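**Q** Here's my sequence, what's the structure:
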Amino acid sequence: MSIYTRERERAIVVGVIFPHQTKAQVDEYLDELELLADTAGADVICRIYQEREKPDPAFFIGRGKAEQIAKIVGEEKIDVVIFDDDLSGVQIRNLEDVINCKVIDRTTLILDIFASHARTAPAKIQVELAQLEYLLPRLTGKWRHLSKQYGGIGTKGPGETQLETDRRLVKRKIAILRRKLSEIDNQRKIQRKGRRDIFRVALVGYTNAGKSTLLNALADANAYVEDKLFATLDATTRVVRLSPTRKILLTDTVGFIRKLPHHLIASFKSTLDEVVEADILIHVVDISAPNFREQIKVVEETLEELNSLDKPTILAFNKIDKLQDRSLIYSLANEYKNAVFISASRGVNIHTLKEKISQMIDDHYVEITGKVEISNSKAISLIYKFGEVLDVKYDTDNYLTLKIKIEKRHLPKISSYIF
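**A** Sure thing, here's the model as predicted:
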């Protein structure tokens, strides 16, 4: 029988200050870790810090610090100790032996939140795959927090049922889930092919920046919105009319976060492909966040990992209604060329954002129709490489008539081959 009885767990968060970091930085990281813990259903009772040159191989922190935490755990009736950095299976086993409490790391916490918020079959598959891939190298050791004697944070998903299995069974399950995701990926590719004659715009940004709220404001939609980290996981696409004669497809994507587990990026590839396939990105930034510049950097690093950093991008600074110092808007307007300042929840400057999207389409893209010789494989290859073929007609005189959507900067690369 599970010993877990409380609705919310009592937690300690642990941050280690390494030489390349300041205490202020680690404090910011722990602020976010506390938000993650709150989203997962835990109340953080206290923070523990330790300065170290490098992680201890056995405990990550020093044994003395672990014993100090054990004392607090006993006095405060703590349910879970959460580390802001990834721990190895050996480190977790050793820490749990000393602390006598469930010990998890940041990645386990994020995966747990994803498991709680996954609502559709694709999202559940993606989360389970990420959990198993993270669990696989950690199957050695006790991992008692994944067994049935514990519950709560860090135990949702496949962990409870996989403890008794061996690596071969886990690998087999991973292979099955990858095949299922591949099928989902193929289905989504077919769906995207059917949308090629319309410009696609994707909302990206740090988690809780207001992307879903902005989707609702632009599309008069009713996407799920909650003031918590990772409230939505699935890509949601809506038609948005920019003007009586122009419409776009707007997609809301999963939020990014500092130290986002690589297993999640890999597992959510079919969802994040909406970013890769988009013509334009709207990078939504919470301008009221104290560390919004670092959040911008985290999103840009993730986009770079997706090979999408060079896409035409609008920076939508959201939540201007929460700003105390309005002068920040003017300095950011000078700093960022394609910036728009909005409040998605109040509908402020939404029309300006729509005009900006239309302007970016006009500035960056053109649709052309022309002929090319069927035998000219080099020309056809270049056209498909740099442009998007919206329509193909086979003529009787050995020519193809192609309707192409292409960025203006790439037009000279193909213009000599079509007429």
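
**Q** Got the domain ranges for the protein?
**A** According to automatic domain parsing, the chain comprises the domains 9-162, 195-363, 365-415.

**Q** could I get those as CSV with distance to Leu169, mean neighbour count and mean pLDDT?
**A** All C-beta atoms are positioned from the backbone trio N, CA, C, and that covers glycine. Putting those into CSV (distance: least, C-beta to C-beta, whole Å; neighbours: other C-beta atoms under 10 Å; pLDDT from 0 to 100) gives the following:
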stretch, distance to Leu169, mean neighbour count, mean pLDDT
domain 9-162, 8, 19, 84
domain 195-363, 18, 18, 84
domain 365-415, 42, 14, 82
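
**Q** so which of those comes closest to Arg178?
**A** domain 9-162 (6.7 Å; C-beta to C-beta).

**Q** How far off centre is the closest one?
**A** 20 Å (C-alpha atoms, centre = their mean, to the nearest Å).

**Q** Next: stretch 348-363.
**A** Relative to its chain's centre, stretch 348-363 lies at 25 Å (C-alpha atoms, centre = their mean).

**Q** got it, and stretch 382-390?
**A** 28 Å.

**Q** any residues touching that stretch, and which ones?
**A** 196-197, 367, 372, 402-407, 410, 413-414, 417-418 (C-beta atoms under 8 Å, 6 or more residues apart in numbering).

**Q** Pro122: which of these is nearest?
**A** Arg196 (21.7 Å).

**Q** Let me have the domains of the chain in TSV, extended by distance to Gln187.
**A** Below are the domains of the chain laid out as TSV (distance: least, C-beta to C-beta, whole Å):
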stretch	distance to Gln187
domain 9-162	9
domain 195-363	9
domain 365-415	20
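
**Q** Of those, which is nearest Asn186?
**A** With C-beta to C-beta as the measure, domain 195-363 is the member of the domains of the chain nearest Asn186 (9.1 Å).

**Q** Distance from the chain centre to the closest one, please.
**A** So, by C-alpha atoms, centre = their mean, the centroid of domain 195-363 is 12 Å from its chain's centroid.

**Q** Show me which of the contacts of stretch 382-390 is closest to Ala289.
**A** Nearest member of the contacts of stretch 382-390 to Ala289, counting by C-beta to C-beta, is Glu407, at 32.0 Å.

**Q** Roughly how far does the closest one sit from Thr313?
**A** 13 Å (C-beta to C-beta, to the nearest Å).

**Q** quick one on the thing from earlier: please identify which of the domains of the chain is closest to Lys180.
**A** Per C-beta to C-beta, nearest to Lys180 of these: domain 9-162, 5.3 Å.

**Q** residue nearest the centroid of the chain?
**A** Phe256 (3.4 Å; C-alpha atoms, centre = their mean).

**Q** Leu260 touches Leu303, doesn't it?
**A** No: in this structure Leu260 lies outside contact range of Leu303 using C-beta atoms under 8 Å: 11.9 Å.

**Q** Show me the contact partners of stretch 69-83.
**A** Here stretch 69-83 has contacts from 4, 6, 9-14, 16, 33, 37, 42, 45-46, 48, 60-61, 95, 98-106, 109, 152-154, using C-beta under 8 Å, 6+ apart.

**Q** if we go to 7 Å?
**A** 9-14, 33, 37, 42, 45-46, 48, 60, 98-106, 109, 152-153 (C-beta atoms under 7 Å, 6 or more residues apart in numbering).

**Q** ditto for stretch 235-248
**A** Against stretch 235-248 from outside (C-beta under 7 Å, 6+ apart): 198-201, 215, 218-219, 221, 223, 249-253, 271, 274, 354, 357-358.

**Q** Okay, buried residues for the lengthiest helix in the chain please.
**A** Scanning the chain for the longest helix, with DSSP state H as the assignment, gives helix 167-193. For helix 167-193, burial by neighbour count (16 or more other C-beta atoms under 10 Å) applies to Val170, Lys173, Ile174, Leu177, Lys180, Leu181, Ile184, Arg188.

**Q** Could you say which helix or strand holds the closest residue to the second one other than its chain neighbours?
**A** Think Lys173. Distance criterion C-beta to C-beta, 6 or more residues apart in numbering; nearest residue to Lys173, sequence neighbours excluded, is Leu132 at 6.0 Å. Assigning secondary structure by DSSP states H and E places Leu132 in helix 121-135.

**Q** just checking, what packs against that helix?
**A** Applying 3 or more C-beta pairs under 7 Å, 6 or more residues apart in numbering; DSSP states H and E, one finds that helix 121-135 makes contact with helix 106-117, helix 159-162, helix 167-193, helix 262-267.

**Q** contact partners of the next helix or strand after the third one?
**A** The one in question is helix 167-193. Next along the chain after helix 167-193, taking DSSP H and E as the criterion, comes strand 199-205. With contact meaning C-beta under 7 Å, 6+ apart, strand 199-205 is reached by 211, 214-215, 248-253, 255, 274-275, 277-285, 299, 303, 357, 361.

**Q** same thing with stretch 36-50?
**A** 8-17, 26, 30, 34, 61-62, 65, 69, 72, 76, 78, 80, 82, 109-110, 112-113, 153, 228-230.

**Q** Sort out for me which of those are in strands.
**A** Glu9, Arg10, Ala11, Ile12, Val13, Val14, Gly15, Val16, Ile17, Val80, Ile82 (DSSP state E).

**Q** can you tell me which two in these are farthest apart?
**A** Glu9 and Ile17 (25.5 Å).

**Q** beta partners for Ile368?
**A** Ile404 (DSSP bridges).

**Q** excluding its backbone neighbours, what's nearest Glu7?
**A** Excluding the flanking residues, the one nearest Glu7 by C-beta to C-beta, 6+ apart is Gly41, at 7.5 Å.

**Q** any idea how far the one you found is from Lys124?
**A** Using C-beta to C-beta, Gly41 is found at 19 Å from Lys124.
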